[in-house]
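> Okay, sequence plus prediction incoming.
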Amino acid sequence: MKIWSIEATAAKPKLALGADPVPAKGESVVRVAAVGLNFADLLMIEGKYQVRPPMPYVPGMEFAGIVESLGPKTAGPAPGTRVLGTCVSGALAERICVPATGLSPIPDGMSLEEAAGFPIAYGTSHLALTHKARLQPGETLFVTGAAGGVGLTAVELGKVLGARVIASARGADRLAVAGAAGADVLIDSDAPGLKEALRAQGGVDVVYDVVGGPAFDEALRATRPDGRLLAIGFASGQVPQVPANLLLVKNLTVSGLWFGGYQTHAPDLVAASMAQLLALRAAGRIRPNVSHVLPFEAFPEGLALLRDRKATGKVVIRVS
């Protein structure tokens with residue numbers, strides 16, 4: 001079967017051939033139809049991610065496809081079922097072997113391309129806003145990087161949870177995407193005075209930050225007493241340093257959320273979250289935004305879209 005292979009840290013991805021997987025007990029083989037790309041794929045290839053698989057490895061952390069076979073004495077979605085799932089790596093291949101318990105049937109009306117970019121972005125935002133921040137109806141949520149794959153889901157879910165959403169993104173076109181997802185207030189991230197702009201809106205209760213750097217610092221200073229700040233990622237390349245004295249005097253809470261960590265130590269929590277998210281999608285209350293669907297051979301171009309911040313919503317690679 002065809003695969004994309006990473007031979008060395010920071011090396012260019014290479015098209016190669018690999019052996020077809022054979023499922024053991026508890027596993028399923030899925031014929032991959034599409035793969036969602038994530039900023040974490042870039043970091044992993046560059047050797048900067050918290051998980052570093054041994055080289056060579058096959059990239060890709062989320063996928064959608066058709067169950068092809070089950071291992072012996074294995075319960076799970078039956079062969080022929082459309083499913084989505086996640087993995088540490090390995091999705092950018094024509095077939096993947098994964099634990100059967102980690103697969104979720106795809107609702108009717110949801111395309112395989114849409115499903116491929118669904119689990120990580122929505123799973124991250126849902127756990128962050130409900131489990132970590134406990135966002136309440138009527139509260140104000142501020143989302144940085146709000147037109148990107150993860151930030152856009154935070155805007156959508158914030159509205160579903162009854163919050164007033166302030167979205168920050170770069171330029172009018174990207175802000176329009178966040179507005180279409182339901183954001184109530186739009187702030188250009190290139191404009192100066194973010195702290196003042198947020199304070200002019202009455203401050204914020206929850207900060208959902210995928211950018212890091214100065215945006216986190218300014219949002220921290222515009223957060224109301226008892227506010228919660230969520231560190232989701234550092235797309236700017238700058239990791240914020242949190243002044244503990246501000247946390248003390250304003251009774252603030254700063255939390256980090258790494259979706260992959262929950263998959264390892266709290267899989268039941270992830271499964272329950274995914275069931276709620278797929279129910280929201282089936283009911284039409286959330287609608288994933290896939291800005292680019294590229295052929296299998298164009299995987300490097302998909303990475304470039306993420307690296308250069310030219311994508312709004314998800315970038316998906318069609319495998320078969």
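Happy to help now that I have it. Residues are numbered from 1 along each chain as shown.
> now the helices for the stretch 151-300 of the chain?
171-180, 194-200, 214-221, 244-250, 259-265, 267-282, 299-307 (DSSP state H, counting those that start in this stretch).
> who wins for proximity to Ala100 among these?
Ala100 lies closest to helix 267-282 among the helices of the stretch 151-300 of the chain, at 12.4 Å (Cβ to Cβ). No exception for glycine: its C-beta is placed from N, CA and C like everyone else's.
> tell me which residues in the closest one are buried?
Neighbour-count burial for helix 267-282 flags Val270, Ser273, Met274, Leu277, Leu278, Leu280, Arg281 (criterion: 16 or more other Cβ atoms under 10 Å).
> Give the helix, strand or coil label for Val98.
Following DSSP: H, G, I helix; E, B strand; the rest coil, Val98 is assigned to strand.
> quick one: it and Val30 touch, right?
Yes. Counting by Cβ atoms under 8 Å, Val98 does reach Val30; the two are 6.7 Å apart.
> out of these two, which sits in the more crowded spot?
Remark: of Val98 and Val30, Val30 carries more neighbours, 31 against 22, as counted by other Cβ atoms under 10 Å.
> part of a strand, is that one?
Yes. Counting by three-state DSSP, Val30 is found in a strand.
> That one: what's its closest spatial neighbour, skipping adjacent residues?
Spatial nearest neighbour of Val30, chain neighbours left out: Gly65 (4.4 Å); criterion: Cβ to Cβ, 6 or more residues apart in numbering.
> How about Ala34?
Of all residues not flanking Ala34 in the chain, Ala116 sits nearest, at 3.7 Å (Cβ to Cβ, 6+ apart).
> residues contacting that neighbour?
Going by Cβ atoms under 8 Å, 6 or more residues apart in numbering, Ala116 touches Ala33, Ala34, Val35, Gly36, Glu62, Phe63, Ala64, Leu84, Val316, Ile317.
> farthest pair in those?
Largest separation among the contacts of Ala116 by Cβ to Cβ: Leu84 and Ile317, giving 14.3 Å.
> one step back: how about the contacts made by the residue nearest to Val30?
Val30, Arg31, Val32, Ala33, Ala34, Arg82, Val83, Ile96, Leu112, Val319, Ser320.
> Could you do Asp209 as well?
Applying Cβ under 8 Å, 6+ apart to Asp209 gives the contacts Thr144, Gly145, Ala215, Phe216, Ala219, Leu229, Leu230, Ala231, Ile232, Gly233, Pro240.
> one more time with 10 Å, if that's ok
The contact partners of Asp209, taken as Cβ atoms under 10 Å, 6 or more residues apart in numbering, are 142-145, 151, 154, 168, 215-216, 219-220, 229-236, 240, 254.
> now do Val51
Ala40, Leu43, Met44, Met61, Val88, Ser89, Trp258, Gly260, Gly261, Thr264.
> ok, and the residue nearest the centre of the chain, which helix or strand is that part of?
Centroid-nearest residue in the chain, with Cα atoms, centre = their mean: Ala121, separated by 2.2 Å. Assessed by DSSP states H and E, Ala121 sits inside helix 119-126.
> ok, and for the lowest-mean-pLDDT helix or strand in the chain, which residues are buried?
Every helix and strand of the chain was ranked by mean pLDDT, DSSP states H and E. The lowest is helix 259-265, at a mean of 90. Across helix 259-265, burial judged by 16+ other Cβ under 10 Å covers Phe259, Gly260, Tyr262, Gln263.
> Over to stretch 49-64?
Neighbour-count burial for stretch 49-64 flags Tyr49, Tyr57, Val58, Pro59, Gly60, Met61, Glu62, Phe63, Ala64 (criterion: 16+ other Cβ under 10 Å).
> how long is that stretch from one end to the other?
For stretch 49-64, the first-to-last residue distance is 23 Å (Cα to Cα, to the nearest Å).
> Do I have it right that Gly302 meets Gly149?
No. With contacts counted by Cβ atoms under 10 Å, Gly302 stays clear of Gly149, the gap being 11.5 Å.
> And the two? Which one has more around it.
With neighbours defined as other Cβ under 10 Å, Gly302 and Gly149 compare such that Gly149 has more, 28 against 23.
> Most neighbours among the contacts of Gly65, please name it.
Neighbour counts for the contacts of Gly65 peak at Val30, which has 31 neighbours (criterion: other Cβ under 10 Å).
> any residues in contact with both of Gly302 and Gly149?
In contact with both Gly302 and Gly149: Gly36, Leu37, Ala311, Val315, Val316, using Cβ under 10 Å, 6+ apart.
> quick one: which two of the residues you listed are the most distant?
Using Cβ to Cβ, these reach their maximum pairwise distance at Gly36 and Ala311, which is 11.2 Å.
> between these two, who's got more neighbours?
More crowded of Gly36 and Ala311, by other Cβ under 10 Å: Gly36, with 30 against 21.
> Now that one: closest residue in space that isn't a chain neighbour?
Counting by Cβ to Cβ, 6+ apart, Gly36 lies nearest to Gly117, which is 3.4 Å off, once chain neighbours are set aside.
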